[in-house]
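The sequence and its predicted three-dimensional model are supplied below.
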2 protein chains.
Amino acid sequence: MPPEIAIPPGDDCAALRVAPDRLLLFTVDQVIGDRHYVAGGPAATSPELVGRKLLARNLSDIAAMGGSPLYALVAAALGPEQDQAWLDRFFAGLLELASQWATVVVGGDLARAPHDAVASLTLVGTVAPDHVCRRTGAQPEDCLYATGRFGDSLRTGHHLTFAPRLREGQWLATQGFAKAMIDVSDGLLLDSLRICRASAVALRLDVATVPLRTAQTTAHGALTDGEDYELLFAVAAGNAGRLERDWPFPDTPLTRVGEFQVGEPVVLDTHGHPLDLGMGGFDHFRRTTFTRGESKIVDDLHRNSEP
Amino acid sequence: MPPEIAIPPGDDCAALRVAPDRLLLFTVDQVIGDRHYVAGGPAATSPELVGRKLLARNLSDIAAMGGSPLYALVAAALGPEQDQAWLDRFFAGLLELASQWATVVVGGDLARAPHDAVASLTLVGTVAPDHVCRRTGAQPEDCLYATGRFGDSLRTGHHLTFAPRLREGQWLATQGFAKAMIDVSDGLLLDSLRICRASAVALRLDVATVPLRTAQTTAHGALTDGEDYELLFAVAAGNAGRLERDWPFPDTPLTRVGEFQVGEPVVLDTHGHPLDLGMGGFDHFRRTTFTRGESKIVDDLHRNSEP
């Protein structure tokens, strides 16, 4: 029998069951000139960082499932400005990060485009079915934890140089701490709302506890800027003390930022008021998915992250 | 153990071995505005056909391995001209073809771009290890066969509406006829040369036998236009009669177009002269691949098809 879908679209990765004890994870992300990086002029992003970011974004999705990356396929549409030297540097940056995470490029497609480069990468990862972390699974009274700091990702260059939280995600998954998990690409507010929606719970977010990236970072930016690529996860209240005590990553801040509660999927402040900060430039594209035998349109099924 | 690479980059698909009796096939292809379709103006390609082509190109790669498609991931960078209606029509065309081949979209990424749309699709397929067809495997005295007709794909619209040769590929693979196989995306001449290179043989091509798409199609166009998406495959001379007798696809032309022989990988005409027709706009991008423990640059490892 061909492998069946274990996790359908709507999470950080889809998953196929290839053996009773093994899921393959699948995710795809893009980098677009003058959208995810600066394509030209004196402030142009170095090609190495463009390639690095393309892989890192996908690694972050694998991290959010508690998985390990294995294989990548890369498609690049190169513009008139992107010559062989650009391509070599783009791949050098991508492959340097790939080597750090034992990820192998197994296929690709290169073509010419009449405009600045667009590249996409499909990443295949693996995780045990017992350990996979989904967005579903958060329950009332669970705590919401976050790795790292938030906001100002674009200004500080964090979106180009961040370290994917793979080790943290794998540890949280294998130790059984993360009942639900997501990576923060569209801002802490929107991505925590996604856990609420998937898990059918409300969240009381303690905005004052959210770690800010810099002294200049505002609380608003920390909640809505996006491209933080941190992990956001639900932990049973009874495990919170042990999590904080056992956390083995001294260089990765671990912060309790909220608590789930019974209610409609909404994010509230500590006074119980809904947090509505406009959510930046988030775009409600509709996404069309197809399941055997039926075609359906799913609204906002998929994240669309834009700096 | 995580699945290992059974077929590395350099074929129509890469393959991972997920069970002793099952390979997963992986391929990725793109469609780029004003490169693979007309992006704007009165002659603009309908969005349905753009989506259809994106999937069909990948299905053709699965067909060339003798495989069956299973799952797809779609990344789309949409320009200012591509609104929700365009996206809906794009997916409708893609999903209509997907339903014909029991292919399920399991993931994707949608983002805005400052230019005309670029979309990529990663297709996962399956094939039994005993049946998979690679580019290697052609031997001297084998016959070269082709499905369908060649040339003028762009002018006739064939590149948008072609039927991927999945049934033909699966039949050839399971019946054991195809010793080596490739799909023709960059022209019969270049793609037959790729079989020669992978199999370390020469080919004597009988140009006069190559079926032309229309009465206006030239032999030169039939060999170099590209985007034919037909199958080209090596058959043992002793099986040729049985192949032609048993061929169960009355609507798909089957033509013997050449014979492999001992020699350097080169395509010769019936007089034994090397065929060098300039090979159209084929671009020698270098492609960088990465294998565990070593990084290497491979020249012309990958097809780059442009109409």
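Perfect, I can see it now. Numbering: from 1, shown residues only, chains lettered A, B, ... in the order given.

pLDDT value on A:Arg292, please?
Note on A:Arg292: pLDDT of 27.

Run a quick neighbour tally on A:Phe162.
By other Cβ atoms under 10 Å in any protein chain shown, 21 other residues sit near A:Phe162. The way it works is simple: take the backbone N, C-alpha and C, and place the C-beta from them, glycine included.

Same question for A:Ile62.
Other residues within reach of A:Ile62, judged by other Cβ under 10 Å, total 29.

Look at it and tell me its secondary structure.
Remark: A:Ile62 carries the secondary structure label helix [criterion: DSSP: H, G, I helix; E, B strand; the rest coil].

ok, it - contacts?
Taking Cβ atoms under 8 Å, 6 or more residues apart in numbering or on different chains as the criterion, A:Ile62 is in contact with A:12-13, A:25, A:27, A:68-69, A:123, A:125, A:164, A:166, A:169.

Spatially nearest residue to it (excluding sequence neighbours)?
When the adjacent residues along the chain are set aside, A:Ile62 lies closest to A:Gly125, with 4.0 Å between them (Cβ to Cβ, 6 or more residues apart in numbering or on different chains).

Bridged to the one you found, which residues?
Here A:Gly125 shows beta-bridge partners A:Leu25, A:Pro69, assigned using DSSP bridges.

Was I right to think it contacts A:Pro69?
Yes - the pair A:Gly125 and A:Pro69 qualifies as a contact (Cβ atoms under 8 Å) at a distance of 4.7 Å.

For these two, indicate the residue with more neighbours.
A:Gly125 (28 against 24).

Could I get the pLDDT score of that one?
According to the model's per-residue confidence, A:Gly125 sits at a pLDDT of 98.

Would you report the backbone torsion angles of A:Leu78?
The main-chain torsion angles of A:Leu78 are listed as degrees, to the nearest 10 and equal phi -100, psi 130.

excluding its backbone neighbours, what's nearest it?
Leaving out its chain neighbours, A:Leu78 is closest to A:Ala117 (Cβ to Cβ, 6+ apart), at 5.3 Å.

residue contacts, the one you found?
Going by Cβ under 8 Å, 6+ apart, A:Ala117 touches A:31, A:33, A:39, A:50, A:76-79, A:82, A:86, A:90.

go with 10 Å
Residues counted as contacts of A:Ala117 (Cβ atoms under 10 Å, 6 or more residues apart in numbering or on different chains) are A:31-33, A:37, A:39, A:47, A:50, A:76-79, A:81-82, A:86-87, A:90, B:118.

Please apply the same query to A:Glu168.
For A:Glu168, the set of contacting residues under the criterion of Cβ under 10 Å, 6+ apart consists of A:63, A:66, A:147-148, A:178, A:181, A:230-231, A:233, A:247-249, A:252, A:254.

ok, of those, which one's closest to B:Ala56?
A:Ala63 (34.0 Å; Cβ to Cβ).

What's the local residue count around the residue nearest to that closest one when sequence neighbours are not counted?
Closest residue to A:Ala63 apart from its sequence neighbours, by Cβ to Cβ, 6+ apart: A:Gly169 at 3.7 Å. For A:Gly169, the tally of surrounding residues (other Cβ under 10 Å) stands at 29.

Tell me the secondary structure at A:Gly169.
Classification of A:Gly169 into helix, strand or coil gives helix, according to three-state DSSP.

how close does the residue positioned nearest the centre of chain A sit to A:Ser120?
If you average the C-alpha coordinates of chain A and look for the closest C-alpha using Cα atoms, centre = their mean, you land on A:Asp183, 3.5 Å from that point. Separation of A:Asp183 from A:Ser120 (Cβ to Cβ, to the nearest Å): 18 Å.

Residue ranges in the stretch 151-300 of chain A under the pLDDT threshold?
A:277-300 (pLDDT under 70).

As a check, name the ranges of all strands in it.
Secondary structure of the stretch 151-300 of chain A by DSSP state E, counting those that start in this stretch: the strands cover A:180-183, A:202-205, A:231-235, A:254-261, A:267-268, A:286-291, A:294-299.

re the thing from before, highest neighbour count among the contacts of A:Glu168?
Each of those was scored by neighbours using other Cβ under 10 Å; the highest score is A:Ala63's, at 32 neighbours.

can I assume that one is in contact with A:Ser185?
No - applying Cβ atoms under 10 Å, one finds A:Ala63 not in contact with A:Ser185, separated by 11.5 Å.

shared neighbours of those two, which are they?
Taking Cβ under 10 Å, 6+ apart as the contact criterion, the residues that touch both A:Ala63 and A:Ser185 are A:12, A:229-230.

roughly how far apart are A:Leu275 and chain B?
Going from A:Leu275 to chain B by Cβ to the nearest Cβ, to the nearest Å gives 25 Å.

Count the neighbours of that residue for me.
Burial of A:Leu275, expressed as a neighbour count using other Cβ under 10 Å, amounts to 18.

Backbone torsions only: list them for it.
Here is the backbone geometry of A:Leu275 (degrees, to the nearest 10): phi -90, psi 120.

How about A:Tyr145?
phi -110, psi 160.

what does A:Asp88 give?
Backbone geometry at A:Asp88, expressed as degrees, to the nearest 10, gives phi -60, psi -40.

Same question for A:Glu81.
Reported as degrees, to the nearest 10, the phi and psi values for A:Glu81 are phi -80, psi -20.

Roughly how far does the residue lying closest to it once chain neighbours are set aside sit from B:Phe91?
Counting by Cβ to Cβ, 6+ apart, the nearest residue to A:Glu81 once its immediate chain neighbours are dropped is A:Gly40, at 6.2 Å. Counting by Cβ to Cβ, the separation of A:Gly40 from B:Phe91 is 32 Å.

Name the residue in those two with the higher neighbour count.
For A:Gly40 versus B:Phe91, the count of surrounding residues by other Cβ under 10 Å is larger for B:Phe91: 25 against 12.
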